[in-house]
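Q: take this sequence and fold it.
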Amino acid sequence: MHTWNDSAPIYQQLADRLAAQLLDGAPPEGEALPSVRALASQFVINPLTVTRALQALADQHLIESRRGIGMYVVPGARRQLLASERERFLQKDWPALRAKLKRLGLGPKDLNWENS
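A: Residues are numbered from 1 along each chain as shown. Modelled structure (predicted):
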C-alpha cells in the first residue's frame, strides 16, 4: 500500500514517484508505461488523479501519448531528469544539508561514504 501525505497534491506526489522510477530506468526509454487503470489500481487512487500525474510528466516532455496505444517514455527523459534533479539538489537540498551537517559537527570522515 502506498501512503500519501499533505505536502503536495496526490497527483504531484504520484508524478514525483513515477519520475523517480524513470530516473532509475523503469520503464526504459522508448517503452510504455503501465495503463492509467493499472496505475490507479497499483496506487489505489482515482484514474483521474493518475491522468493528471501523467499529464504533469508529459508537460515536462518526459513521456508522450501515442494515440490509441498509451504513454511512452521519450528518448532522453532520464538524462533530462538527471540534470534537473541534480540542479534542484545543488540549489535546494544541498545548502540545507550542508548547514545541518555543520550544526551537527559532521564532516566527510564521519559519513563513512565507502560503506554505504
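Q: for stretch 93-109, what is the average pLDDT?
A: Averaged across stretch 93-109, pLDDT comes to 94.
Q: checking my notes, residue 64 in a strand, right?
A: Yes: under DSSP: H, G, I helix; E, B strand; the rest coil, residue 64 sits within a strand.
Q: helices of this structure, residue ranges please.
A: For the chain, applying DSSP state H gives helices covering 10-23, 36-43, 47-59, 77-88, 94-104, 108-111.
Q: contacting residues around the fifth one?
A: It stands for helix 94-104. Under the contact criterion Cβ atoms under 8 Å, 6 or more residues apart in numbering, helix 94-104 has outside partners residue 107. Quick note: C-beta positions are derived from backbone N, CA and C, even for glycine.
Q: one more time with 10 Å, if that's ok
A: Here helix 94-104 makes contact (Cβ atoms under 10 Å, 6 or more residues apart in numbering) with 86, 88, 89, 106, 107, 108, 110, 111.
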